[in-house]
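In: Next come a sequence and a model predicted from it.
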Amino acid sequence: MNHIIITDTCYTIRKGAREALSGNWKSAMLATLLYLAVILIPTFMAIQLFGKDFGTGVANLYTFIVQGAFMLGYAFFIIKLFRQQPASPSDVFYGFEHFGKAFFLSFMMMLFILLWSLLLIIPGIIASYRYRLAYYIMLDHPSIGVLEAIEESKRLMRGNKGKLFLLDLTFIGWGILSILTFGLGMIPLMPYMSTATVVFYELANGNITERTAQLSYESKTD
């Protein structure tokens, strides 16, 4: 299995993301609003109903249980959008069709990142990049196991973690804007960053190549 080291510039990757989002920003922001709402609103309600201490525990438990399914669903929406397939904000709930795997994947990723973080902060950060593509891999290969998806992410990210870190850094201005707008900037930032990550994933897989600064999706089944 060939291993690809991504040499495309962050500018090219972000351009590919913008092209995919062109004409789809409304749907992407609605999906993001839905994703944030189903995570944050129950959390807020739990704290209001049960008080700060117990409510925070209930909220954390809720997030722990559902975050894997929602992250898989959001990844499903973004990857469909990039591949020019019909995508709906309701795709955010897709992960619940594979709740067991989504939960286990989220749990194992958190566990591995936590274990690496016990050494030092930097190994934990590196681990988070090592497993970053696992959700997309599971979507493309639903029959594989959770640990297989994690291993495949590790393989694809070998030699590419620094590039993805640099790509994330290019969004720092958007991050500052999100803070200044009390989080509202997250609504366009999340789909932009997530689509850029999908471009990165497709490059690492060899599904797309740079062609005169244009990123074109090519299905491996074609």
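Out: That came through fine.

In: from here on, contacts and neighbour counts on C-alpha atoms
Out: Will do.

In: Going along the chain, name the helices of the protein.
Out: Applying DSSP state H to the chain gives helices spanning 10-21, 25-50, 52-82, 99-117, 121-130, 134-140, 146-157, 161-169, 172-180, 186-205.

In: got JSON lines for those, with mean pLDDT and mean neighbour count too?
Out: Output for these, formatted as JSON lines (pLDDT from 0 to 100; neighbours: other Cα atoms under 10 Å):
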{"stretch": "helix 10-21", "mean pLDDT": "95", "mean neighbour count": "19"}
{"stretch": "helix 25-50", "mean pLDDT": "95", "mean neighbour count": "17"}
{"stretch": "helix 52-82", "mean pLDDT": "96", "mean neighbour count": "20"}
{"stretch": "helix 99-117", "mean pLDDT": "96", "mean neighbour count": "18"}
{"stretch": "helix 121-130", "mean pLDDT": "94", "mean neighbour count": "17"}
{"stretch": "helix 134-140", "mean pLDDT": "97", "mean neighbour count": "21"}
{"stretch": "helix 146-157", "mean pLDDT": "96", "mean neighbour count": "20"}
{"stretch": "helix 161-169", "mean pLDDT": "97", "mean neighbour count": "16"}
{"stretch": "helix 172-180", "mean pLDDT": "92", "mean neighbour count": "14"}
{"stretch": "helix 186-205", "mean pLDDT": "96", "mean neighbour count": "22"}
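
In: Out of the ones you listed, the one nearest residue 91 is which?
Out: For residue 91, the closest of the helices of the chain is helix 52-82, at 5.4 Å, according to Cα to Cα.

In: Quick one: list the elements packing against the closest one.
Out: Packing partners of helix 52-82 (3 or more Cα pairs under 8 Å, 6 or more residues apart in numbering; DSSP states H and E): helix 10-21, helix 25-50, helix 99-117, helix 134-140, helix 186-205.

In: For those helices, give me JSON lines that also has distance to residue 60.
Out: As requested, these are exported to JSON lines (distance: least, Cα to Cα, whole Å):
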{"stretch": "helix 10-21", "distance to residue 60": "32"}
{"stretch": "helix 25-50", "distance to residue 60": "8"}
{"stretch": "helix 99-117", "distance to residue 60": "14"}
{"stretch": "helix 134-140", "distance to residue 60": "21"}
{"stretch": "helix 186-205", "distance to residue 60": "21"}
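
In: wait, which of the helices of the chain is closest to residue 93?
Out: Taking Cα to Cα as the criterion, helix 52-82 is the member of the helices of the chain that comes nearest to residue 93, at 5.4 Å.

In: sorry, back to before: determine which of the helices and strands packed on helix 52-82 approaches residue 155 most closely.
Out: Nearest of the helices and strands packed on helix 52-82 to residue 155, taken as Cα to Cα: helix 186-205 at 9.7 Å.
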